[in-house]
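**Q** Need coordinates for the below:
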Amino acid sequence: MSQCPGIMDLARLYQTEFVRSARAVGVLWAVCTLCLAIVQVVILLQPSWIGTSDTPVLQAAPALPKGTIGLFEVCMETEWPIPDCRGGVSSLSPLPCFQSVAVLVGVSLWAVWTSVLCLCLFRFCSAVTVYKICAWLQLTAGFCLALACLLFPDSWESPEMRALCGDSVGSFSLGNCSVHWTFILAVLGVLDCSILATLAFVLANRQDALLPPNSHDGKVSCFLKSILRIKNSELTCVLCHSDNHLTRLTCPARLPLTAAP
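**A** Got it, this is the predicted structure:
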């Protein structure tokens, strides 16, 4: 075995394509995490989970109001462009029928924004630790949001829903209403959380391969497997480590390489 002098400096100076692509994917993952956090705020605040549909009703049936309903407020259409809304997030009191759903969405929102704040830990902790923390937080957010989407149809049998959708409304039956875009966005948010959490776990597992396995000791035990050819005044070295990982490095031609006899 031989000791390759200055190998850590070379590993930092000459980045492989794997390092560059991993960083690019990490930046994309961070941007998507921030977008997911913004989407979670929209899901919690927007009163457009359920809305009245345009299906015709019987002549003898009383005319039903038109509007939308969310987790915190009910908005009815009026003659003015601005709807008449009752309730709101400012009261910190969701509609009685959607209290459990609102709590789950709130926990999901907290988990996602905590993962966004954890991005600052890249300056103080190892990337592996940060990725794993964020991955578990995003899994928690996805689980809570999925549970909220499953419980939401079971909460439709309520006075607020009957006033908006008619007496035919019930659990998993919307009556004169239909699902609006906020609920669809919540379902997509579950899928987004799953994808981002999986990607974070993959990035965490790949971080150990970015540098040699015993790089924390400042030494790399390696042997010169082959010298391919001189190209642009550089040599291409293949180094074999103790755990059978192969690391391809670009070494200056002037670097002295001593092989074991």
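**Q** List the buried residues of stretch 133-153.
**A** 133-135, 137-149, 152-153 (16 or more other C-beta atoms under 10 Å). Glycine gets a C-beta too; all of them are placed from N, C-alpha and C.
**Q** Out of these, list just those in helices.
**A** Residues of the buried residues of stretch 133-153 located in helices (DSSP state H): 133-135, 137-149.
**Q** Next up, the contacts around the nearest residue to Leu196 once chain neighbours are set aside.
**A** Spatial nearest neighbour of Leu196, excluding adjacent residues (C-beta to C-beta, 6 or more residues apart in numbering): Gln138 at 5.1 Å. By C-beta atoms under 8 Å, 6 or more residues apart in numbering, the residues touching Gln138 are 33, 36, 111-112, 115, 193, 196-197, 200.
**Q** Please tell me which one of these counts the most neighbours.
**A** Val112 (29 neighbours; other C-beta atoms under 10 Å).
**Q** Which pLDDT value belongs to it?
**A** Val112 carries a pLDDT value of 97.
**Q** again with Phe152
**A** 93.
**Q** Pretty sure Val101 is one of the things it touches, is it not?
**A** Yes: counting by C-beta atoms under 8 Å, Phe152 does reach Val101; the two are 5.1 Å apart.
**Q** got the residue ranges for the helices in the stretch 101-250 of the chain?
**A** 127-151, 159-165, 181-206 (DSSP state H, counting those that start in this stretch).
**Q** remind me, longest helix of the protein?
**A** The chain, longest helix under DSSP H: helix 17-45.
**Q** Can you give the domain ranges for the protein?
**A** Listed by automatic domain parsing, the domain ranges of the chain are 2-17+212-252, 18-53+63-209.
**Q** which sections of the stretch 101-250 of the chain are below the confidence cut-off?
**A** Applying pLDDT under 70 to the stretch 101-250 of the chain flags the ranges 207-250.
**Q** Check the spacing between the residue nearest to Phe201 when sequence neighbours are not counted and Val112 real quick.
**A** Spatial nearest neighbour of Phe201, excluding adjacent residues (C-beta to C-beta, 6+ apart): Ala135 at 4.8 Å. As defined by C-beta to C-beta, to the nearest Å, Ala135 lies at a distance of 12 Å from Val112.
**Q** Then Ala186?
**A** Distance from Ala186 to Val112, counting by C-beta to C-beta: 12 Å.
**Q** quick revisit: and the domains of the chain, which is most packed in?
**A** For the domains of the chain, the largest average neighbour count (mean count of other C-beta atoms under 10 Å) is found in domain 18-53+63-209, namely a mean of 17.
**Q** Cys85: what secondary structure?
**A** Here Cys85 is recorded as strand under DSSP: H, G, I helix; E, B strand; the rest coil.
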